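**Student:** Need coordinates for the following:
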Amino acid sequence: MKKFIVLLLSILSLVIFSEEIDNYNEGTVKEEYIKGKILYLENTIKNSFNEQDGIKEIEEYRVKILEGEDKNKEVLVQSPIYIEKAYNIFIREAQNVVLYKESSDETGNTYYIVDIDKRNSILLIIGIFILLTIFIAKFKGVKAILSLVIVVGIIYNIFLPMIADGYSPILISTLCALLSSIVTIFLTTGFTQKGVVAILGAVVGVIIAGSMSMYFSYEMAMTGFVSVEALNYSTLLQGVRVREIISAGVILGSMGAVMDVSMSISSALTELKTVASDITKKEIFDSGMRIGADIIGTMVNTLILAYIGSGILSTLFIYLQKEQFPLIRILNFESIAADIVRAFAGSIGILVAVPITSYLCCIMFTKKNS
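**Tutor:** Residues are numbered from 1 along each chain as shown. Predicted structure coming up:
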């Protein structure tokens, strides 16, 4: 029933959004993005532009439109070549591109190349991932893909809309993490003893990680605007609790790793109890701690390196300017501080999940024996 309600709300949102677009397009100028294919370079215009504007020359491409009312029509589209290479779009023949179409009653249709169409490549790498998952993990791989789809749906249909409506990102991310953990572990193991323990251990670890990030975010007086792009779009974030976004990101970002640790320990201890039914409570806990110690060695590195990798460009910029900025300045950049908080708060969640899951296994086994 809940899935039906979410689906119905999504359909209604799409209908309303489509009506808003239609109302917007009723003006004299209509704008849209469509798919096109580069046929060949027809002409290059040189020496007719002021280099102070940053444009070196303009290339004219013959492009075939692949969708919309002008489908299969060939048009001549200009693409500027800038002196600064970072601004250029690297276009090749037979390449799919994104065209910006501007329609006017006075000038007719005008097309511009705004980007390379990356959708086919995105679908390809996702397809490879899905096929390998199913090929290696068989039916469990299918359930893993299904859980991933549901988790993404939870984030897109519940987490983001509620944050945009002004709800607390920390509270909503915690609830979404709990729901996602239940769905993922249920599809993996069902509501078995080890599944329940893994869910509880993961939830406790995620809550600890979120609490740590929330405390240090407020202690460091972070604004939540950790990038120039965020500042540029600050007007869109009116009513959003931006300061809590960092903690919400930690909760969601560490959820997968903490869930992995909890599930691994719970599964291992369940098998251990099955093989050695006379094992004591203390031996179960000690075994869980030893297993957790081995997992921590790689999992902590994985989480921290993931955050470093996601901000590698910012880190490179700071490294290149290390002579200009002393350490006291570097560590007080909000983007750097936020990444540090994310990485280590998430890692603390992993560390806490080990003894919590091991202890919960002891409790569950004790009750079962009783």
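**Student:** Setting aside sequence neighbours, what's the nearest residue to residue 322?
**Tutor:** residue 330 (7.6 Å; Cβ to Cβ, 6 or more residues apart in numbering). In this view, the C-beta of every residue, glycine as well, is placed from N, C-alpha and C.
**Student:** what residues are up against that neighbour?
**Tutor:** Residues near residue 330 by Cβ atoms under 8 Å, 6 or more residues apart in numbering: 318, 322, 336.
**Student:** Need the buried ones from those residues selected in PyMOL.
**Tutor:** A single PyMOL command is used to select the members of these judged buried by 16 or more other Cβ atoms under 10 Å:
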select buried, resi 318+336
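**Student:** In a markdown table, list the contacts of residue 330 along with pLDDT and secondary structure.
**Tutor:** Formatted as a markdown table, the contacts of residue 330 follow (pLDDT from 0 to 100; DSSP: H, G, I helix; E, B strand; the rest coil):
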| residue | pLDDT | secondary structure |
| --- | --- | --- |
| 318 | 74 | helix |
| 322 | 74 | coil |
| 336 | 81 | helix |
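**Student:** List just the nearest of the contacts of residue 330 to residue 132.
**Tutor:** Nearest to residue 132 among the contacts of residue 330: residue 336, at 35.3 Å, using Cβ to Cβ.
**Student:** For residue 224, see how far away that closest one is.
**Tutor:** 15 Å (Cβ to Cβ, to the nearest Å).
**Student:** Likewise for residue 271?
**Tutor:** Separation of residue 271 from residue 224 (Cβ to Cβ): 44 Å.
**Student:** ditto for residue 93
**Tutor:** 45 Å.
**Student:** Tell me which of the two has more neighbours.
**Tutor:** Using other Cβ atoms under 10 Å, the more surrounded residue of residue 93 and residue 224 is residue 224, with 21 against 11.
**Student:** wait, what's in contact with that one?
**Tutor:** 217, 230, 242, 243, 244, 245, 246.
**Student:** and the second one, what pLDDT?
**Tutor:** Looking at residue 230, its pLDDT is 65.
**Student:** now the third one
**Tutor:** Taken from the predicted model, the pLDDT recorded for residue 242 is 79.
**Student:** Just give the number of residues close to it.
**Tutor:** 18.
**Student:** Surely it touches residue 223?
**Tutor:** Yes. Counting by Cβ atoms under 8 Å, residue 242 touches residue 223, with 6.8 Å between them.
**Student:** mind listing the helices for the stretch 51-200 of the chain?
**Tutor:** 119-154, 160-164, 169-189, 193-219 (DSSP state H, counting those that start in this stretch).
**Student:** So which of the ones you listed is the most surrounded?
**Tutor:** Ranked by mean neighbour count, these are led by helix 193-219 with a mean of 22 (mean count of other Cβ atoms under 10 Å).
**Student:** what about the stretch 201-350 of the chain, any weak spots by pLDDT?
**Tutor:** 226-234 (pLDDT under 70).
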